[in-house]
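Undergrad: With the input below, show me the fold.
(chains A and B)
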Number of protein chains: 2
Amino acid sequence: MDERAGELRDRDGRDRSGRDADGREHGERLSALDAVFLSMEAPDRHMHGGSLMVFDRPTGPDGPEDFDHTRFLRLVRARLSLVPRYRQKLAAPPLPVGNPVWVDDEHFDLSYHVRHAALPRPGSIQQLSEYCARILSRPLDRDRPLWELYVIEGLEDGRFAVLNKTHHAMVDGRSGIDLTSVLLDTEPDVAPQLPSPSPWSPAPTPGAGQLLRDAARDALRNPAALVTAGGRLVAAPTTTLRRAMSLGRVAASMTRATLVHGAPRSLLNQPPGPHRRFAIQRIALEEAKRVKDTFGTTVNDVVLAAVADATGRYLRGHGAVTDRLWLRAMVPVSTRAGSEQHALGNRVVSVFVDLPVFEQDPIERLRICHEAMAGVRSTHHAVGADFLIGLGEFAPPTLHAMAARAAVHSRLFNFLVTNVPGPQQPVYCLGARLIGSFPFTPLTATQSYAVGLTSTDGWLNFGFTADYDTLPDIERVTGYLRDAFDDLCRCADAVTATARDR
Amino acid sequence: MDERAGELRDRDGRDRSGRDADGREHGERLSALDAVFLSMEAPDRHMHGGSLMVFDRPTGPDGPEDFDHTRFLRLVRARLSLVPRYRQKLAAPPLPVGNPVWVDDEHFDLSYHVRHAALPRPGSIQQLSEYCARILSRPLDRDRPLWELYVIEGLEDGRFAVLNKTHHAMVDGRSGIDLTSVLLDTEPDVAPQLPSPSPWSPAPTPGAGQLLRDAARDALRNPAALVTAGGRLVAAPTTTLRRAMSLGRVAASMTRATLVHGAPRSLLNQPPGPHRRFAIQRIALEEAKRVKDTFGTTVNDVVLAAVADATGRYLRGHGAVTDRLWLRAMVPVSTRAGSEQHALGNRVVSVFVDLPVFEQDPIERLRICHEAMAGVRSTHHAVGADFLIGLGEFAPPTLHAMAARAAVHSRLFNFLVTNVPGPQQPVYCLGARLIGSFPFTPLTATQSYAVGLTSTDGWLNFGFTADYDTLPDIERVTGYLRDAFDDLCRCADAVTATARDR
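TA: Sure thing, here's the model as predicted:
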């Protein structure tokens, strides 16, 4: 935000983007792309994403203690001023002359957004996933700030979880932080020093007349904004989206010319209904590194090979024939090309990678994934091994959202795999250590399956989002993923042992 | 259903109402009124209702035990065949030539409908109410059978709760039973003898052509059905509803001519948003009876006087002036007029009662309520003291739904008070005794407040449904209701003591 500090301000003391003298973003207008995310939303096509963070039992000065929801609310209240968008809602001009703007929610009600919940006994991962899936299946209320946070008690071993659900129109990649990342600390004992929340006085909600005048003014300054307004936007979202996305430098790497005319049909590509399933799995990063070191690949190659295997096993379990089946994954990567000053949206490039689902030899499958990704890297100046790593100033949910946003416009692939770095050291919330952060992703109109991965301190945290009816037993994929890593590790260990014996 | 047994069946073996040889109601067409409930539904106007049942900790052969969700699922599965509608969904003809029909859901998935949930510690009534309110705020999925059941663990003292949420289009008053009532037993130890579920084979879902042919056939048999179909229904729901309701013998008792032109405006009559609040309170029936016996009124008069008082205190607490304020309550009552053979819809009459909210003298308030209700009884042949009592063959949720359905069409009152008898002896679910059953009611377009009451074995169970934003502290009404009964009991005791002393 500093780069804008010297800009002219209008007579309300706001600069051109709507930030007032305090840097608040009241009145900022949605970009064309953000507005498209709103207009594309439907009961069976949610435009929210987020993550499920699982925490160990909190430890206080006197040993393990129970999670304290009142303290958690105090923490959120204290840090909310770091993320002004979380107290803002959308206000649309009364006529279709511009996109909606973000305005302070005068009736902001924290207890609406932060919800206290619990699992029934025994508090298993399966129950946690089911609970999350139900929440993912519901749209956010457009008349309030577009986020919800669920604090979930009652996990086995005194653990608790925090599910954050945020609309993609809110995650524009211009700001590096999101609410969940400001709730985490690198020290377990930072919590007692909680500052008291800074006072917040919402800017008054503009009336219909003001909204209209502002929209007209913005339209004069930037006539292109008119094109995306109101009815026309809804009538032709794809065109608008294509144009908007092209600003974001979305590229399509066609690694197999045979597939250029569309992705193969599969069980995974049924149109989803309104309900979701969710499943999670955690794999030690050390396993992926052992495989990568043995075979000279990257961690990302190993991940893709394992995902291809797990997906193939799942499909075969449903009677699908996977002989000669390649499934095209969309894998957003980051590039260093272009100015570092660019917003995040300009640094995320989506590439297509064809995964050899038919291939049941773990080493051969890994080799194919490695070659495919090597081709991608050389073509697109992608960062390389760890992909979205190197964008450390951005919170994982932001990166996942940017990746998912890139996916929404295309039918030319079978499923999305987003791989995003999280904190690579221990982090805590009110003294409780983060065990894992599992992403969930919205499904597009032709996809019933998506894979997200957030790496945190020594772990790969996978989240599988699926349509409720099409993939009713999605949790089986998490077992297959475990099997896939076991196979890869066994191969690596065998190679290492053979090398040592020689 | 027996009365139809001798009717002609078509070549599919179904009788005219669509019941097949086994009495199943596959293919039955929605009535005009049921269709109206569908078409009137909007995000801020839900058309579902139901009840929250709270149970004591279950007792097994070896003493208190934890609630067993797997056994509960088995119970539901075993008894589902008693309520065929619960495995049916709506199918609409592809052209607007008739209302939707109920068809067996070939993909019926019990785990979608019965959901296992829990409260965070300590499991207070406040937390339970909040949890329920969130569920009430969400629409049911129109593509599935129109009900959900939540089994909620983690209440204080090992108690648990069952929340049932059912669409009003499903509760047509023709069948006396609903799912929750078939889950209750009069003996605590009936559960071990659970029968194994009878096999269920869904009738095949009719295709678009079949739906259209059936609709055309039904339209020829009953041309009036065409009037309510498709677009015209949506365009003029009020007219259709009025006509449909007139079949149900809805009568309006204007007890005060001054208010004939509409109900007074109040905080309670803001248009509701999409979110709800819920609050419950339990009062011993003995208290109401003591007051009724002392002053020679009915239990219902006492209930109305207490509700008037609690509502008045709440309004004054929000700075409203209640001097000379009468609030018009709609109170559905039952009549014995007409044939007993009639469907329930024809036996529920809605009357208006003006409640003296200004009156702060408990006895005078009670006297006014008593007179108002006496007038209603003499005009409408209402059953009398206990109102919907005497319709014992109908489950409480059905009665509440019929009452709420009657309310939906009118703006001429301030709020709905439904008073419905539940089981008047101890009842159990899997060995756990029912403590109370608290109804919730949908809000109409001009009402942010509704009161429901189910009497069970020795208790009056009140449920207050409210709009989330308009009445954010609705739980205060439950305290005021407690105060109102305290005042009435004090007055009764004083009168009794004085009489004795003389």
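Undergrad: Show me which residues of the stretch 201-350 of chain A are close to chain B?
TA: Contacts of the stretch 201-350 of chain A with chain B, taken as C-beta under 8 Å from any C-beta of the partner chain, map to A:273-275. Using the backbone N, CA and C atoms, a C-beta is placed for each residue, glycine as well.
Undergrad: Of the residues you listed - the most surrounded one?
TA: By neighbour count, taken as other C-beta atoms under 10 Å in any protein chain shown, the most surrounded of these turns out to be residue A:275 (20 neighbours).
Undergrad: Look up how far residue A:305 lies from that one.
TA: In this view, residue A:275 and residue A:305 are 31 Å apart by C-beta to C-beta, to the nearest Å.
Undergrad: pLDDT score assigned to the residue in the stretch 151-300 of chain A positioned nearest to chain B?
TA: Here the residue of the stretch 151-300 of chain A nearest chain B is residue A:153; by C-beta to the nearest C-beta that distance is 4.7 Å. The pLDDT attached to residue A:153 in the predicted structure is 95.
Undergrad: So it is in contact with residue A:120, correct?
TA: No. Because the distance of 11.1 Å does not satisfy C-beta atoms under 8 Å, residue A:153 is recorded as not touching residue A:120.
Undergrad: Now do the contacts for residue A:119.
TA: If a contact means C-beta atoms under 8 Å, 6 or more residues apart in numbering or on different chains, then residue A:119 has A:127-128, A:131, A:152-155, B:118 as its contacts.
Undergrad: can you put those residues in CSV and add neighbour count?
TA: Compiled in CSV, the contacts of residue A:119 are given as follows (neighbours: other C-beta atoms under 10 Å in any protein chain shown):
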residue, neighbour count
A:127, 20
A:128, 23
A:131, 25
A:152, 27
A:153, 21
A:154, 25
A:155, 23
B:118, 24
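Undergrad: Dump those residues into CSV; add secondary structure and distance to residue A:438 as well.
TA: Compiled in CSV, the contacts of residue A:119 are given as follows (DSSP: H, G, I helix; E, B strand; the rest coil; distance: C-beta to C-beta, whole Å):
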residue, secondary structure, distance to residue A:438
A:127, helix, 15
A:128, helix, 10
A:131, helix, 13
A:152, strand, 13
A:153, strand, 18
A:154, coil, 18
A:155, coil, 13
B:118, strand, 21
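Undergrad: Just give me the closest of these to residue B:178.
TA: When those are compared for distance to residue B:178 (C-beta to C-beta), residue B:118 wins out at 24.6 Å.
Undergrad: what sits against that closest one?
TA: Applying C-beta under 8 Å, 6+ apart as the definition, the contact partners of residue B:118 turn out to be A:118-121, A:154, B:152-154.
Undergrad: what about the residue nearest to residue A:171 when sequence neighbours are not counted, neighbour count?
TA: Taking C-beta to C-beta, 6 or more residues apart in numbering or on different chains as the measure, residue A:171 lies nearest to residue A:401, with 3.8 Å between them; neighbours along the chain are not counted. By the criterion of other C-beta under 10 Å, residue A:401 has 32 neighbours.
Undergrad: What of residue A:65?
TA: Going by other C-beta under 10 Å, the residues that sit close to residue A:65 add up to 15.
Undergrad: can you check residue A:157 too?
TA: Taking other C-beta under 10 Å as the criterion, the count of residues near residue A:157 is 8.
Undergrad: swap in residue A:494?
TA: Neighbourhood size, residue A:494 [other C-beta under 10 Å]: 12.
Undergrad: Over to residue A:493?
TA: Per other C-beta under 10 Å, the neighbour tally for residue A:493 reads 13.
Undergrad: next one: residue A:40
TA: Should you count by other C-beta under 10 Å, residue A:40 turns out to have 21 residues around it.
Undergrad: same check, this time on the one 4 residues further on
TA: If you count neighbours by other C-beta under 10 Å, residue A:44 ends up with 15.
Undergrad: pLDDT score assigned to it?
TA: Looking at residue A:44, its pLDDT is 83.
Undergrad: any idea how far it is from chain B?
TA: Residue A:44 sits 10 Å away from chain B, going by C-beta to the nearest C-beta, to the nearest Å.
Undergrad: One more: residue A:76?
TA: For residue A:76, the distance to chain B equals 16 Å [C-beta to the nearest C-beta].
Undergrad: go on, residue A:488?
TA: On the measure of C-beta to the nearest C-beta, residue A:488 and chain B end up 34 Å apart.
Undergrad: Spell out which parts of the stretch 351-500 of chain A neighbour chain B.
TA: Along the stretch 351-500 of chain A, the residues adjacent to chain B under the rule C-beta under 8 Å from any C-beta are A:468-469, A:472.
Undergrad: which one of those residues is nearest residue A:316?
TA: Relative to residue A:316, and with distances defined as C-beta to C-beta, the nearest of those is residue A:472, at 16.5 Å.
Undergrad: what are the ranges of the helices in chain A?
TA: For chain A, applying DSSP state H gives helices covering A:32-40, A:69-79, A:110-113, A:125-136, A:179-182, A:208-221, A:224-227, A:230-235, A:237-247, A:285-295, A:299-317, A:362-380, A:396-407, A:475-501.
Undergrad: List the buried residues in the fifth one.
TA: Put plainly, it is helix A:179-182. A:179-182 (16 or more other C-beta atoms under 10 Å in any protein chain shown).
Undergrad: The fourth one too?
TA: When neighbours are counted by 16+ other C-beta under 10 Å, the buried residues of helix A:125-136 are found to be A:125, A:127-136.
Undergrad: Show residues contacting that helix.
TA: Taking contacts as C-beta under 8 Å, 6+ apart, the residues outside helix A:125-136 that touch it are A:46, A:48, A:52, A:54, A:117, A:119-120, A:148, A:150, A:152, A:155, A:161, A:163, A:165, A:275-280, A:440, A:465, A:468, A:475, B:115-117.
Undergrad: orientation of it relative to helix B:125-136 in degrees?
TA: For helix A:125-136 against helix B:125-136, the angle by axes from the mean of the first three to the mean of the last three C-alpha atoms, to 10 degrees is 60 degrees.
Undergrad: tell me the angle of helix A:125-136 relative to helix A:475-501?
TA: Counting by the same axes, to 10 degrees, helix A:125-136 points 130 degrees away from the direction of helix A:475-501.
Undergrad: to the chain's geometric centre, what's the distance from helix A:125-136?
TA: 17 Å (C-alpha atoms, centre = their mean, to the nearest Å).
Undergrad: Restricting to C-alpha, output it in PDB.
TA: These are the backbone C-alpha positions of helix A:125-136, laid out as PDB (Å, rounded to 0.1, in the frame of the first residue of the first chain):
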ATOM      1  CA  ILE A 125     -11.100 -37.000  11.100                       C
ATOM      2  CA  GLN A 126     -14.000 -38.500   9.100                       C
ATOM      3  CA  GLN A 127     -16.500 -36.500  11.300                       C
ATOM      4  CA  LEU A 128     -14.400 -33.400  11.000                       C
ATOM      5  CA  SER A 129     -14.400 -33.800   7.200                       C
ATOM      6  CA  GLU A 130     -18.100 -34.300   7.100                       C
ATOM      7  CA  TYR A 131     -18.700 -31.200   9.200                       C
ATOM      8  CA  CYS A 132     -16.500 -29.100   6.900                       C
ATOM      9  CA  ALA A 133     -18.200 -30.500   3.800                       C
ATOM     10  CA  ARG A 134     -21.600 -29.300   5.100                       C
ATOM     11  CA  ILE A 135     -20.200 -25.800   5.600                       C
ATOM     12  CA  LEU A 136     -18.600 -25.800   2.200                       C
END
